[in-house]
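Novice: pasting the sequence and the predicted coordinates here, then a few questions.
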Amino acid sequence: MSKYLNRHNRTQIDYIMSDISLGRMSKGAVIECIKIQNMLNEKKIGKARSIERAKAAGVDIVYNYLDEKLLLKGAKDFKSKTLSCELIPETAWFSNLRDVVDKQDWDLVRKDIFSKNKYFCEVCGGRGPKHWVEAHEIWEYDDTNRIQTLKGVLCLCPTCHLCKHLGYANVTKRSDVAMQRLRIVNDWSEQEFHANVDAAWDTWVERSKKNWSLDMSWASRNYKLSKDYKLTYTAKERSESRDRKYPTHI
């Protein structure tokens, strides 16, 4: 199989071998996928033809529209999670676990999540072309008592992570990337896509009218952090802390 690999692309070799060892792709499918990617890189075939060949081989090649190719899962037994649309209320911006703890403790959390998932995205089963995966905080909102609670951290590839931050995707002019990924992973029609995104924005508008207390005690319950951080805030404490750290947002 090594004769098909680009000898200069060690990252490709690493995750291809990982795909095989984890049973995500058969050896034959992997070889075909590598051949297709190499032909794409050398501009011997176009995207349309590459997708036809990939489907015939029983694998998927999905593009993130950033001039990079992203190899995704090939195994039929990979159980992808729904890629939900999430928008942090405006009144809850600038305060999260990454912002509160030191870098060493944030690294402790995110690298543990990455390791548990073998550095594969929990949603699509793939990896990013430059940064394999990123950490995304999972939040639960108690709309009655106005409490935002950290429930865990997800291991996501950069493109799936972008879908969790649609506002950021719009600002950085990558909403088309997020739209394409949401539709592919969730198998949504265009109508279903717009219905789900509209509902997410409606929820954001309503939640942004409230001030939220913050509970991130999940981190101290699940990890031995280096400090006794303050991980719970009343809405007033949270607002005051945010104003001190980010006065320009006022």
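Specialist: It's in. Everything numeric here is computed off the predicted structure, so don't read it as measured data.
Novice: CA atoms for contacts and neighbours, from now on please.
Specialist: Fine.
Novice: can you pull the buried residues of the longest helix anywhere in the chain?
Specialist: Identified as the longest helix of the chain according to DSSP state H is helix 190-207. Neighbour counts over helix 190-207 (16 or more other C-alpha atoms under 10 Å) mark 193, 197, 200-201, 204, 207 as buried.
Novice: just stretch 93-105 next, same as before
Specialist: 94, 96-98, 101, 105.
Novice: now do stretch 226-241
Specialist: In stretch 226-241, counting by 16+ other C-alpha under 10 Å, buried: 231, 233, 235, 238-239.
Novice: related to what we said a few turns ago, which single one of the buried residues of helix 190-207 is nearest to residue 144?
Specialist: Residue 144 has its nearest neighbour among the buried residues of helix 190-207 in residue 207, at 10.7 Å by C-alpha to C-alpha.
Novice: name the nearest residue to the closest one, sequence neighbours excluded.
Specialist: Closest residue to residue 207 apart from its sequence neighbours, by C-alpha to C-alpha, 6 or more residues apart in numbering: residue 89 at 5.6 Å.
Novice: give the burial count for the one you found, as a bare number.
Specialist: Using other C-alpha atoms under 10 Å, residue 89 is surrounded by 19 other residues.
Novice: now residue 153: phi and psi?
Specialist: Main-chain dihedrals, residue 153, degrees, to the nearest 10: phi -130, psi 130.
Novice: show me what it is bridged to.
Specialist: Each beta-bridge partner of residue 153 is listed here, defined by DSSP bridges: residue 137.
Novice: so residue 163 sits against residue 85, correct?
Specialist: Yes: counting by C-alpha atoms under 8 Å, residue 163 does reach residue 85; the two are 6.4 Å apart.
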